[in-house]
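**Student:** Sequence below, structure please.
(one chain, ligands or ions: 1)
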Amino acid sequence: MSVESHNATPPTPAVAPGAECIDPAAFARDLAARGGIDPRVRALVPAFDAPFFQAGLAGYSDAAMRLIARRHGCPYCVTEALLDRTLLAGGRGFAKADLGELHDNVPGGADDHPLAGQIMGSEPAEMAAAALKMIEQGRRADRDYRALAYAAEGSFAPPAQHLRLPGGEQLGRIDLAEANDGWGSCDPEESSVVPEFQSSQEQESHGRAVPHSGTPELRNSETSFTAIDVNLACPVKKISSKARGGHWLAEPDGAIDILHAVRDAVPRDVLCTVKLRRAFDDTPEMASHCDRILAAAFEMGYAWATIHARTVQQKYVGPSRWDVLREIVRRHPGAIIFGSGDVWSAADIFRMIRYTGVKAVAVARGCIGNPWLFRQARDLLAGRDPAPPTLAEQAAVLRAHYDLLLAVNHGARYTEDLSSKQIRKFGIRFAAHHPKADDVRRAMIAVASAEDWDRVLAAYYPAAVPA
Ligand SMILES: Cc1cc2nc3c(=O)[nH]c(=O)nc-3n(C[C@H](O)[C@H](O)[C@H](O)COP(=O)(O)O)c2cc1C
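**Tutor:** Got it, this is the predicted structure:
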């Protein structure tokens, strides 16, 4: 994937003056005593029961990685960004510079839920039709979705009546303030630099109705997505001078048009969420755009926003600014905002929540080759010391990950070649946990077949050898 070239920066601590006073373990226990996550999130997605999730990671976060994360305690996942045009073309027309293969983005069976499907693009009508196709899992013919996208020259007319999800109804809305009972009254004695959660009164005054079905089975359907996540964050460059992804942070009106079109097109019982960066760059003229887009998104019923605390210009290089994220959160009291950037350990999750006031944290590069981070986060919530993975646990996960890749790639032209190529990039990261990390890393790089894979496991992970 093209973005891989931008992700090779070593882990950096975020800019968060004063965060060193935070005791993440104590805060995690305190959070657990208050339910673990903002109850409004659980009201929207009942299975989202802890304040972290696996972020979209192009080239990584396919069904195999998601299933491994879930088995280690991750309650919610986001697919990698899928270009609207890729979706509408039914997979054809996929350009190398673009993100997301279709097969990586479909729900990976009954265990791969709840799942947000992320889309990215340049035209509101295409984004709207692509979102609908994703939610409906292509229940109409491809030409019908293309007709929705291209019929009316840039203006999208959502169908008068949405197709129903399996067994689904167009259901009503709940008032989120009702679901907010008691959350947010936290005792912030730990440090004066650490913000308080909003009082419940404050949240109530900003509590707004967002789409909610009241029937979890519908959004946890095994055949579709719980949410459509609109990507306004990806730094991959513009195509034909058209904005997409994070480039919309420089053109907020266009971003808002896209958010409108997607929200209007998607059935009301399906959540819409948005991923964005804190700004396009650090010039004063760009400073207010994130706030404008956030305000518009919440006004039109977006359930939450995830903010990556780097600028688009930064790509993935240099520290994220938790201090800036904290200010953004303060400017939108009552809104559900999640955070992303420089989350390298389970402790970072709770540090970020405590410091910035976000309601949940996206784990991204920190969980590539490290699904145990989710288990460790659950350990912290339960007041246990987070345990590193044993060699036997590493062995079991490595074997399971390769088997899942073979299953996900089943039916592809070169299933074994493809899976072997894919496991290499994970194996390199998994190697970091091994006592002979450098040797294992070198061995992982050389894997080209299932036989090679078995050899590496037999040599370095004896517990993984099949009986
Ligand atoms: C290789 C790579 C691919 C990414 N792909 C996506 C993506 O498809 N969708 C998305 O929302 N974010 C994507 N991101 C951004 C991450 O979700 C996250 O916001 C970012 O890496 C910051 O978090 P971190 O510093 O903890 O890694 C990607 C990041 C990397 C490094």
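**Student:** what about D281, distance to K315?
**Tutor:** Per C-beta to C-beta, to the nearest Å, D281 is found 11 Å from K315. (Each C-beta comes from the backbone N, C-alpha and C, glycine too.)
**Student:** And the helices in the stretch 51-200 of the chain, which stretches?
**Tutor:** 63-71, 84-88, 102-105, 124-136, 142-150, 200-206 (DSSP state H, counting those that start in this stretch).
**Student:** Any idea which of these has the lowest pLDDT on average?
**Tutor:** Note on the helices of the stretch 51-200 of the chain: helix 200-206 shows the lowest mean pLDDT, a mean of 36.
**Student:** circling back to that earlier point, look at D281 and K315 and report which has more neighbours.
**Tutor:** K315 (18 against 14; other C-beta atoms under 10 Å).
**Student:** Quick one: list the elements packing against the lengthiest strand in the chain.
**Tutor:** Under DSSP state E, the strand in the chain containing the largest number of residues is strand 271-279. If contacts are counted by 3 or more C-beta pairs under 8 Å, 6 or more residues apart in numbering; DSSP states H and E, strand 271-279 sits against strand 115-120, strand 209-211, strand 227-232, helix 252-265, helix 289-299, strand 305-311, helix 322-331.
**Student:** and it, how far out from the chain's middle?
**Tutor:** Taking C-alpha atoms, centre = their mean, to the nearest Å, the mean C-alpha location of strand 271-279 is offset from the chain mean by 10 Å.
**Student:** Paired strands for it, with orientation please.
**Tutor:** Strand pairing for strand 271-279, using DSSP bridges, gives strand 227-232 (parallel), strand 305-311 (parallel).
**Student:** ok, is the last one in contact with the ligand or not?
**Tutor:** Think strand 305-311. Yes. Using C-beta under 6 Å from any ligand atom, strand 305-311 reaches the ligand at H308.
**Student:** List the contacts of that strand.
**Tutor:** Outside strand 305-311, the residues that touch it by C-beta atoms under 8 Å, 6 or more residues apart in numbering are 14, 55, 229, 233, 273-282, 286, 290, 294, 297-298, 316, 318-322, 324-325, 328, 335-342, 358, 362.
**Student:** That strand to helix 322-331, inter-axis angle?
**Tutor:** Inter-element angle recorded for strand 305-311 and helix 322-331: 140 degrees (by axes from the mean of the first three to the mean of the last three C-alpha atoms, to 10 degrees).
**Student:** In the stretch 1-150 of the chain, what residue lies closest to the ligand?
**Tutor:** Per C-beta to the nearest ligand atom, G56 is where the stretch 1-150 of the chain lies closest to the ligand, at 2.8 Å.
**Student:** Which elements pack onto the helix or strand hosting D30?
**Tutor:** Applying DSSP states H and E as the criterion places D30 in helix 24-33. Packed against helix 24-33 by the contact rule (3+ C-beta pairs under 8 Å, 6+ apart) you find helix 346-356, helix 372-381.
**Student:** so which of those helices comes closest to A25?
**Tutor:** A25 lies closest, by C-beta to C-beta, to one member of those: helix 372-381, at 5.6 Å.
**Student:** From what I see, G366 and L373 are in contact.
**Tutor:** Yes. Using C-beta atoms under 8 Å, G366 makes contact with L373 at a distance of 5.9 Å.
**Student:** Now for P388: which residues touch it?
**Tutor:** 372, 433.
**Student:** Up against the ligand, what does this protein have?
**Tutor:** Listed as neighbours of the ligand in the chain under the rule C-beta under 6 Å from any ligand atom: 3-4, 7, 55-59, 80-81, 99, 118, 231, 233, 275, 308, 316, 320, 340-343, 362, 364-366.
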